[in-house]
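>>> I would like the atomic coordinates for the input below:
(chains A and B)
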Amino acid sequence: KQEVTQIPAALSVPEGENLVLNCSFTDSAIYNLQWFRQDPGKGLTSLLLIQSSQREQTSGRLNASLDKSSGRSTLYIAASQPGDSATYLCATGGGNKLTFGTGTQLKVEL
Amino acid sequence: NAGVTQTPKFRILKIGQSMTLQCAQDMNHNYMYWYRQDPGMGLKLIYYSVGAGITDKGEVPNGYNVSRSTTEDFPLRLELAAPSQTSVYFCASNGGAETQYFGPGTRLLVL
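Residues are numbered from 1 along each chain as shown, chains lettered A, B, ... in the order given. Below is the predicted model of the structure:
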C-alpha cells in the first residue's frame, strides 16, 4: 500500500526566501506525482504534475522534481511571497487513483 | 465553465440521519471521485467512477454509497450518519491522465 509522507508539517519563512518542500513515497511504481495547493476552507488547486518518465516540471516560481528510485519529490518555491501562504499537498498517481500526503502548511511572513 | 460544483457548503446532521452530497461537473469528464479530509490529514478516496453507470470503492467506502446516472453528476449518499463521518468532503473530476479538478468542498458535522 502506497504511503506518502510530507515533512515538515509546518514551515514559516520570511518573504523573499527560497524554500523546498519535501515529499516521500514508499512505492516507486507510480504513474505520476502531483503537487496541489490548498487555501483555508477551499478546495485543492493543481500546481504541477510530473509524469513518471519525467524528472521535473516548472511553472513560474515553482519547480518540482521527481526521483522515483529514492521515492522522493521536492517542490522548490523561489522568492517566496505572502500570497504563497497555504497548505501544499503532494499526491502519487496510480492509474487514476491519487494517494495524498498530509501536507505542509507554509506561512510566508512580511 | 463552472468546473466542479458541490452542494451544500456546510451541513449539520444528527446521528442516524441520512443525506446526499451533490457534485456536478461541466467539463464532460469521464472520471469522478469523492474524497474525505479529516483535520491535519491528507485526502482519502471514498468512491470513484470511470463513467456513467460505473462506480467502484476507494480506500474508505464504509458508510457511503454513490451512483453515476449521468456524466455530469456524482452524488454521495450517507446512510445512518455517525460522528466518525464528520469531515470535509471533496469531489473531483478529470478526463483521464491529467490532473484532477476539485470542487470547493462540503463541511459536514455529525452530532
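>>> need the contact list for the one residue in chain A that gets nearest to chain B.
Taking CB to the nearest CB as the measure, chain A has A:F100 as its residue closest to chain B, at 3.4 Å. Using the backbone N, CA and C atoms, a C-beta is placed for each residue, glycine as well. The neighbourhood of A:F100, defined by CB atoms under 8 Å, 6 or more residues apart in numbering or on different chains, consists of A:4, A:89-91, B:42-44.
>>> beta partners for it?
Beta-bridge partners recorded for A:F100 (DSSP bridges): A:A91.
>>> Next step: the contacts of A:F100 restricted to strands.
Counting by DSSP state E, the contacts of A:F100 place A:4, A:89-91, B:43-44 in strands.
>>> re the thing from before, give me the pLDDT value at the residue of chain A closest to chain B.
Looking at A:F100, its pLDDT is 94.
>>> That one and B:L43: what is the separation?
From A:F100 across to B:L43, the span is 5 Å (CB to CB, to the nearest Å).
>>> Name the residues contacting each of those two.
With CB under 8 Å, 6+ apart as the test, A:F100 and B:L43 both reach A:89, A:91.
>>> what's near enough to touch the residue of chain B found nearest chain A?
Per CB to the nearest CB, B:G42 is where chain B lies closest to chain A, at 3.4 Å. Residues near B:G42 by CB under 8 Å, 6+ apart: A:4, A:89, A:91, A:99-103.
>>> quick one: which two of those residues are the most distant?
Using CB to CB, the pair of these lying farthest apart is A:T99 and A:G103, separated by 13.1 Å.
>>> Between those two, which is the more surrounded one?
In this view A:T99 and A:G103 are compared by other CB atoms under 10 Å in any protein chain shown, and A:G103 has more residues nearby, 25 against 22.
>>> hang on, isn't that one packed against A:L89?
Yes - assessed by CB atoms under 8 Å, A:G103 is found in contact with A:L89 at 4.5 Å.
>>> For these two, list the residues in contact with both.
A:6, A:38, B:42.
>>> Same list, those residues, but as CSV with pLDDT and distance to B:Q25 please.
CSV is the format used below for those (pLDDT from 0 to 100; distance: CB to CB, whole Å):
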residue, pLDDT, distance to B:Q25
A:Q6, 96, 28
A:Q38, 94, 19
B:G42, 87, 22
